[in-house]
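Enquirer: heads up, no residue letters with this:
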């Protein structure tokens with residue numbers, strides 16, 4: 001797990017592939033590593049970080065990249081009314097899944113990483129939503145032997 005510090009290379013590679021040609025929203029910028037990776041292939045990236053110190057570090061890291069907008073504050077407030085997005089990377093701490101679904105275009109991809117693989121679905125609110133919501137088709141994948149992500153597509 002990254003504990004909010006930075007995204008691992010395997011997740012960056014996954015996001016780079018999934019972001020290709022899409023408009024992307026990231027909830028929880030951290031220090032900007034994932035956003036930087038997604039800008040390599042995405043049409044546009046808007047990323048939001050709540051923590052002021054991390055947001056400042058991310059803005060510095062992402063400065064000069066033409067297709068990224070780095071915002072500081074509450075992602076749900078700042079992204080309300082924007083989109084729809086072809087990829088939403090839920091990398092922050094608290095999840096309002098219905099608000100996230102409003103950001104996601106039909107056919108859009110939703111990614112949640114920093115998961116411990118093999119945990120039961122029942123009793124895990126992240127897995128329960130992403131793997132059982134009828135609006136999504138999802139799979140949990142290993143990103144390393146000890147970490148996982150859920151990739152979901154909105155029907």
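Expert: Cool, got the structure. If you're wondering where the values come from, they're calculated on a predicted model, not measured in any experiment.
Enquirer: Need the residues that contact the longest strand along the chain.
Expert: The longest strand of the chain (DSSP state E) is strand 104-115. With contact meaning C-beta atoms under 8 Å, 6 or more residues apart in numbering, strand 104-115 is reached by 1-2, 7, 11, 14-15, 18, 22, 83-91, 95, 100, 126-127, 130, 136, 138, 140, 143, 147-155. Where C-beta positions appear, they are placed from N, C-alpha and C, glycine not excepted.
Enquirer: what about burial for those, which qualify?
Expert: 2, 7, 11, 14-15, 18, 22, 83, 85-91, 95, 100, 126-127, 130, 136, 138, 140, 143, 147-152, 154 (16 or more other C-beta atoms under 10 Å).
Enquirer: for the protein, what spans make up the strands?
Expert: 23-27, 44-49, 68-72, 85-90, 104-115, 136-144, 147-154.
Enquirer: would you list these in a markdown table and tack on distance to residue 60 and mean pLDDT?
Expert: Converted to a markdown table, the strands of the chain look like this (distance: least, C-beta to C-beta, whole Å; pLDDT from 0 to 100):
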| stretch | distance to residue 60 | mean pLDDT |
| --- | --- | --- |
| strand 23-27 | 17 | 97 |
| strand 44-49 | 12 | 98 |
| strand 68-72 | 9 | 97 |
| strand 85-90 | 20 | 97 |
| strand 104-115 | 23 | 96 |
| strand 136-144 | 26 | 96 |
| strand 147-154 | 27 | 96 |
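Enquirer: coming back round to it: could you pull out the buried residues of the longest strand of the chain?
Expert: For strand 104-115, using 16+ other C-beta under 10 Å, the buried residues are 104, 108, 109, 110, 111, 112, 113, 114, 115.
Enquirer: With distance to residue 78 as extra columns, can I get the strands of the chain in JSON lines?
Expert: What follows is the strands of the chain, written out as JSON lines (distance: least, C-beta to C-beta, whole Å):
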{"stretch": "strand 23-27", "distance to residue 78": "10"}
{"stretch": "strand 44-49", "distance to residue 78": "5"}
{"stretch": "strand 68-72", "distance to residue 78": "5"}
{"stretch": "strand 85-90", "distance to residue 78": "13"}
{"stretch": "strand 104-115", "distance to residue 78": "16"}
{"stretch": "strand 136-144", "distance to residue 78": "24"}
{"stretch": "strand 147-154", "distance to residue 78": "21"}
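Enquirer: Parallel or antiparallel, which strands does the longest strand of the chain pair with?
Expert: strand 85-90 (parallel), strand 147-154 (antiparallel) (DSSP bridges).
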